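Q: coordinates only, sequence not included:
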């Protein structure tokens, strides 16, 4: 996994708290964790397919929001702020029956109260499967957790 040196402690924390998450259930594996780019792969298998044997659009959206949310979180002071999904859209471009997909999230806007991320999901061979845009809200952490 590719991780920016200044983010190592933050990345270690998020990975150590990922065991009981949707990302773990779907088999999402992070490949690159940097402020300007988050990449992750996800298998196209029984966990991520719909009954007709195709990659479920909801699984693609879950992958897209996962990489955008991690990217957003890498760009805030985690002692003061959290990021939460505000809006997400997705255009499903190509059906997948097997293999893996790879999502790449890059920031379009990183503001004090919102962030917008572009997510491209491709097959292992590089063919476009889904394009998504995710808006995140940057929120203050509660005083006591």
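A: Looks like it came in fine. The structure displayed is predicted, hence computed values, not measured ones.

Q: all strands for this structure, in order.
A: 2-3, 29-34, 37-43, 81-92, 100-110, 114-123, 128-140 (DSSP state E).

Q: so can I have CSV of those showing mean pLDDT, distance to residue 13 and mean neighbour count?
A: In short, each C-beta sits where N, CA and C put it, glycine included. Converted to CSV, those look like this (pLDDT from 0 to 100; distance: least, Cβ to Cβ, whole Å; neighbours: other Cβ atoms under 10 Å):
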stretch, mean pLDDT, distance to residue 13, mean neighbour count
strand 2-3, 90, 12, 13
strand 29-34, 95, 11, 18
strand 37-43, 98, 15, 21
strand 81-92, 97, 13, 15
strand 100-110, 98, 19, 19
strand 114-123, 98, 20, 20
strand 128-140, 98, 18, 19
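
Q: mind checking which of these is nearest residue 60?
A: Of all those, it is strand 128-140 that lies closest to residue 60, at 4.5 Å by Cβ to Cβ.

Q: is it possible to export the strands of the chain to CSV including distance to residue 52?
A: Shown next, in CSV, are those (distance: least, Cβ to Cβ, whole Å):
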stretch, distance to residue 52
strand 2-3, 35
strand 29-34, 25
strand 37-43, 17
strand 81-92, 13
strand 100-110, 17
strand 114-123, 18
strand 128-140, 16
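
Q: what's the closest of those strands to residue 51?
A: strand 81-92 (16.2 Å).

Q: and the angle for the closest one with strand 128-140?
A: 160 degrees (axes from the mean of the first three to the mean of the last three Cα atoms, to 10 degrees).

Q: ok, and what's touching strand 81-92?
A: Contacts with strand 81-92, where a contact means Cβ atoms under 8 Å, 6 or more residues apart in numbering, come from 57, 60-61, 64-65, 68-69, 72-73, 76, 114-115, 129-141.
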